[in-house]
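Participant: Could you work out the structure for the sequence below:
(2 chains)
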2 protein chains.
Amino acid sequence: MNIFHKLPAALPEEVSEILAETSRVRIERIVSHGQATPEGEWYDQGWDEWVLVLAGSAGLLLEGEQEARVLNPGDYLMIPAHCRHRVAWTGLQGQTVWLAVHISE
Amino acid sequence: MNIFHKLPAALPEEVSEILAETSRVRIERIVSHGQATPEGEWYDQGWDEWVLVLAGSAGLLLEGEQEARVLNPGDYLMIPAHCRHRVAWTGLQGQTVWLAVHISE
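Facilitator: Numbers count the residues shown, from 1 in each chain, chains lettered A, B, ... in the order given. As a prediction, this is how the structure comes out:
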């Protein structure tokens, strides 16, 4: 299996796909093309999430920070449980491919 | 942090580095350059391991299979606990960068 295979062509919404799943861990590919978290909305998850940008670019805003962190290919970040965050932007030049590892302890 | 930063220059041995760790999950970057598991040796782990090749190429042999699976950038694979496996080869043209997610349930 290849993480870059079958990238969706048109992307009215973000597309996520589960690549692997165990009882405690879910590994997903997320493909974005310009999407962002709706204004004023935040993710607040009860589990840790480790993300790695594989292609494209994105801005990830963590609550309490002034500016979104810019993530380019190879950039990664652990988002601890209950660290509120939002995707401020994703690139419009091609697709942004994220790897997300959701970890329930 | 970027997963491609500070790739070791000379590689007499494989180099692995922990990118993130929780009580149940360890996420590592492994950099290889021609290394393989010593002849006749196998990995036999008591936990699941999900691997993704980010750069370079490798051959991964699972016990019971005739030929090593060839992994190129973007190729991924879940290696279930106690699935014996060995790295048959890694590319000599540049470094092979693996992402490994070790999952203890």
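Participant: which residues touch the closest residue in space to A:Leu11 that isn't next to it in sequence?
Facilitator: Nearest in space to A:Leu11, with sequence neighbours left out and distances taken as CB to CB, 6 or more residues apart in numbering or on different chains, is A:His33 at 4.1 Å. C-beta here means a position set from N, CA and C on the backbone, and glycine is covered the same way. Applying CB atoms under 8 Å, 6 or more residues apart in numbering or on different chains to A:His33 gives the contacts A:Leu11, A:Thr90, A:Gly91, A:Leu92, A:Gly94, A:Gln95, A:Thr96.
Participant: could you dump those to TSV with neighbour count, distance to A:Ala68 and pLDDT?
Facilitator: Below are those laid out as TSV (neighbours: other CB atoms under 10 Å in any protein chain shown; distance: CB to CB, whole Å; pLDDT from 0 to 100):
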residue	neighbour count	distance to A:Ala68	pLDDT
A:Leu11	16	20	77
A:Thr90	24	11	95
A:Gly91	17	13	94
A:Leu92	11	15	90
A:Gly94	11	19	88
A:Gln95	19	19	93
A:Thr96	27	13	96
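Participant: Of the residues you listed, which is the nearest to chain B?
Facilitator: Nearest to chain B out of the contacts of A:His33 is A:Gln95 (CB to the nearest CB; 13.3 Å).
Participant: strands paired with the one helix or strand A:Ser16 maps to, and their directions?
Facilitator: Secondary structure from DSSP states H and E places A:Ser16 in strand A:15-21. Take DSSP bridges as the rule and strand A:15-21 pairs in its sheet with strand A:25-32 (antiparallel).
Participant: Give me the contact list for the partner strand.
Facilitator: Residues outside strand A:25-32 that contact it (CB under 8 Å, 6+ apart) are A:3, A:7-8, A:11, A:14-21, A:56, A:58, A:87, A:90, A:95-104, B:24-25, B:50, B:101, B:103.
Participant: State the distance from the residue nearest to A:Leu11 to A:Tyr43.
Facilitator: As judged by CB to CB, to the nearest Å, A:His33 and A:Tyr43 stand 19 Å apart.
Participant: Any idea how many residues pack against A:Leu77?
Facilitator: Residues lying near A:Leu77 (other CB atoms under 10 Å in any protein chain shown) number 17.
Participant: Now name the helix or strand holding it.
Facilitator: In the assignment (DSSP H and E), A:Leu77 maps to strand A:76-79.
Participant: For the strand holding A:Ser16, report the contacting residues that lie outside it.
Facilitator: Looking at strand A:15-21 with CB under 8 Å, 6+ apart, the contacting residues turn out to be A:1, A:3, A:8, A:26-31, A:100, B:50, B:76, B:78.
Participant: pLDDT at the residue of chain A most remote from its centre, what is it?
Facilitator: Distance from the C-alpha centroid of chain A peaks at A:Ser23, with 20.8 Å (CA atoms, centre = their mean). As predicted, A:Ser23 sits at a pLDDT of 93.
Participant: show me what contacts it?
Facilitator: For A:Ser23, counting by CB under 8 Å, 6+ apart, the contacting residues are B:Glu105.
Participant: any idea which element it lies in?
Facilitator: Applying DSSP H and E, one finds A:Ser23 in no helix or strand.
Participant: who's in contact with the nearest residue to A:Pro80 once chain neighbours are set aside?
Facilitator: Take A:Pro80 and drop its neighbours on the chain: the residue closest to it by CB to CB, 6+ apart is A:Asp48, 5.6 Å away. With contact taken as CB under 8 Å, 6+ apart, A:Asp48 is in contact with A:Met78, A:Ile79, A:Pro80, A:Ala81, A:His102, A:Ile103, A:Glu105, B:Thr22.
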